[in-house]
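> got a predicted model here, sequence first, then my questions.
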Amino acid sequence: MVTHKQAEDRVNARFWIHLACYIVVVSALAVLNYQRNPENLWILWVAGGWGIGIAAHAMAFFSNRGKLIGRTEVRMERRESREDRPAAHSIGDSRDGEPG
């Protein structure tokens, strides 16, 4: 059984990991851009494009937190219930390992 706290922790972790990845990758690319090709600031396209995604994620995270946690709870419960079911066998597979 998935708890509300587990779903909340997952929602929190996903946002902060997304933000941390953005900061690390964009910072590294900015250094690379400034060292290799400072007259062509292509990093602005990367930072701006990914930044739009971060802004959308932040808006959802801070404004619809309850809804995000609820959807995550449902997804986690579905995944858990799928994992509890026995694996399906294809036609021709036998459970004892013998063919046919």
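Great, that's in hand. Note that the structure is a prediction, hence the values are computed from the model and not measured. Numbers count the residues shown, from 1 in each chain.
> now stretch 21-30: buried residues?
Of all the residues in stretch 21-30, those buried under the rule 16 or more other CB atoms under 10 Å are 22, 26. Glycine gets a C-beta too; all of them are placed from N, C-alpha and C.
> what sits up against it?
43, 46-47, 50-51, 54 (CB atoms under 8 Å, 6 or more residues apart in numbering).
> pLDDT of that stretch, averaged?
For stretch 21-30, mean pLDDT is 98.
> relative to the whole chain's centre, how far out is that stretch?
Chain-centre distance of stretch 21-30: 17 Å, with CA atoms, centre = their mean, to the nearest Å.
> gap between the host helix or strand of Ala13 and the chain center?
Secondary-structure assignment from DSSP states H and E places Ala13 in helix 4-36. Put simply, helix 4-36 sits 11 Å off its chain's centre (CA atoms, centre = their mean).
> which one is Cys60 nearest to, not counting chain neighbours?
Wrong residue type there; residue 60 is Ala, not Cys. Leu68 (6.1 Å; CB to CB, 6 or more residues apart in numbering).
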